[in-house]
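>>> What follows is a protein structure lacking sequence information:
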């Protein structure tokens, strides 16, 4: 995909996320790998009202090359790409239920998502919760790098999800799956829920290779 097409896709998907309530105001940020760097949503920009030429273009080391100034959380994106060399996109949202899950004391820090649907297993696998760090702070880099060596998605405590994917679309879809699974978990907290068994999970992992 050429850069112009990637810019258009990024803007289109960002708008879709905003219009469906996965992000509000100027929260959230998305990046996508290009031949020589990364396209990334600008700082303090609403994902619902971006234009292709507004997107920031940064080098492989994070230097701002063109477009508006990049999100202050670019170091987090770079850490995700360093940990997952095959990743082509990273999505960070403040989506309601996933963010709530990241705030709850009862959430398992080793895996925030109980295995209640096959698609959560296929697209996300285990999703650890990383300790709280100030948004944009460099302290997130070693934590995220270590976690994303083994996981394609994480929750930042009291903040929200970060998801990497093998394509821009797959990263967005996985972020949506994370939010919808978190919603199911929150809504079913007082209900007797059937979880997938270990054998069912192993069968899914052996049959599908959808995680980036």
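Looks like it arrived, so ask away. All figures in this text were calculated on a predicted structure; none of them were measured in a lab.

>>> ok, now which ones touch the residue sitting nearest the centre point of the chain?
Geometric centre of the chain, nearest residue: residue 163, 2.4 Å, by CA atoms, centre = their mean. The contact partners of residue 163, taken as CB atoms under 8 Å, 6 or more residues apart in numbering, are 90-92, 124, 152-153, 171, 174-175, 178. For every residue, glycine as well, the C-beta is placed using N, CA and C.

>>> Residue 60 now?
Going by CB under 8 Å, 6+ apart, residue 60 touches 36-38.

>>> Kindly indicate which of the residues you listed lies nearest residue 157.
Distance to residue 157 across the contacts of residue 60 (CB to CB) is lowest for residue 38, with 25.3 Å.

>>> Leaving out the residues flanking it, which one is nearest to residue 37?
Computed as CB to CB, 6 or more residues apart in numbering, the closest residue to residue 37 that is not its neighbour in sequence is residue 59, at 4.7 Å.

>>> repeat for residue 161
In space, residue 161 is closest to residue 98, 4.6 Å off (CB to CB, 6+ apart).

>>> Return the list of helices and strands in contact with the helix ranked longest in the chain.
Secondary structure of the chain per DSSP state H: the longest helix is helix 168-187. Where contact means 3 or more CB pairs under 8 Å, 6 or more residues apart in numbering; DSSP states H and E, helix 168-187 is packed against helix 3-19, strand 29-33, strand 89-92, helix 96-103, helix 118-123, strand 153-156, strand 160-165.

>>> What residues sit buried inside that helix?
Using 16 or more other CB atoms under 10 Å as the test for burial, helix 168-187 gives 168, 170-185.

>>> Could you save the contacts of residue 60 as JSON lines and add columns showing pLDDT?
Shown next, in JSON lines, are those (pLDDT from 0 to 100):
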{"residue": "36", "pLDDT": "90"}
{"residue": "37", "pLDDT": "96"}
{"residue": "38", "pLDDT": "98"}
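
>>> Let me know the closest of the residues you listed to residue 12.
Of all the contacts of residue 60, residue 38 has the smallest distance to residue 12: 17.9 Å, by CB to CB.
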